[in-house]
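J.: The sequence and its predicted three-dimensional model are supplied below.
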Amino acid sequence: MRPTDGSVDGSIEALRLRPAAPGDLPAIAEVHLRARSAAVPAMPAAVHPPHEAREWVAGWDLARQDVWVAEDVADGAPVLLGYARADAAWLDDLYVDPSAQRGGIGSALLDLVKAARPDGFCLWVFESNHPARAFYRRHRLLELERTDGSANEERAPDLRMVWPGTDPLTCLRGLIDEVDGELGDLLHRRAALTRAVQPFKASAQRDPDRERQIARALAARAPGLGEERLARIVHVVVTESLDAAGDEP
Ligand SMILES: O=C(O)C(=O)C[C@]1(C(=O)O)C=C[C@@H](O)C=C1
């Protein structure tokens, strides 16, 4: 169960924001369910039936993640109208009850999360959820990579967004360092394979057709870079991998 995108903007006279308590979980589950069904078709329909969503929310460990609720305290008993849920690096949920959307509750919750995560945070939003994307862009979140949805339960293309915190250069460099860690591991693995295949070739010549095929396959995964640019990247990676293979005893 994932996503972040139920909320939109809104204005409520007496709004109270506070950390959630275990007794809030049933009302949180109902807000989640109502917000998700009202968001279709901008969001894909929920994969899990309501009883599973209720069980999932009831199982949240509030010591291991931060959950905040927004409630209307204007008159009588407070009414829970929205919530946000985040771990150290990700805003996992931000949902506002459909009856209270466009009243500033989503903005108030998001501001609270920003204050609690000054180093920044990421979130996933469905590509089709244009209202939520516009909401987050208005709140100075940046869109990062798009996925084809194969890694989420709904199998729907989504986008990573980031709020780069109070020091965006440091936050974004931190994210670059994370990706470069993975890229370093991949280059290490790839160079070992370039070296391993060499003895099995009829000739030591480079194979431009094979390199073009590799660039095309990469372009299918990274369309934003384009095949020509990726062909140049492949050329450098192969050149340096062959060079490193020649250095090894
Ligand atoms: O497949 C090969 O023939 C290799 O030598 C491997 C490799 C590569 O690293 O992918 C390296 C050089 C060739 O020009 C093409 C591909």
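T.: That came through fine.
J.: dump the residue contacts of the nearest residue to residue 238 once chain neighbours are set aside.
T.: Excluding the flanking residues, the one nearest residue 238 by Cβ to Cβ, 6 or more residues apart in numbering is residue 211, at 6.2 Å. To be clear about C-beta, it is placed using only N, CA and C from the backbone, and glycine gets the same treatment. By Cβ atoms under 8 Å, 6 or more residues apart in numbering, the residues touching residue 211 are 231, 234, 235, 238.
J.: I'd like to know which elements the helix or strand containing residue 131 is packed against.
T.: Using DSSP states H and E, residue 131 sits in helix 130-138. If you count contacts as 3 or more Cβ pairs under 8 Å, 6 or more residues apart in numbering; DSSP states H and E, helix 130-138 packs onto strand 121-126, strand 158-163.
J.: Could you rerun that using 10 Å?
T.: Judged by 3 or more Cβ pairs under 10 Å, 6 or more residues apart in numbering; DSSP states H and E, helix 130-138 is in contact with strand 91-96, helix 105-116, strand 121-126, strand 142-146, strand 158-163.
J.: Please compute how far the longest one lies from its chain's middle.
T.: Centroid separation for helix 105-116 versus its chain: 17 Å, with Cα atoms, centre = their mean, to the nearest Å.
J.: next one: the shortest one
T.: In terms of Cα atoms, centre = their mean, the gap separating the centre of strand 142-146 from the centre of its chain is 8 Å.
J.: Repeat that for the first one.
T.: A distance of 12 Å separates the centroid of the chain from that of strand 91-96, by Cα atoms, centre = their mean.
J.: so that strand versus helix 130-138, what angle?
T.: 110 degrees (axes from the mean of the first three to the mean of the last three Cα atoms, to 10 degrees).
J.: wait, isn't residue 94 in contact with residue 101?
T.: No: counting by Cβ atoms under 10 Å, residue 94 stays clear of residue 101, with 11.7 Å between them.
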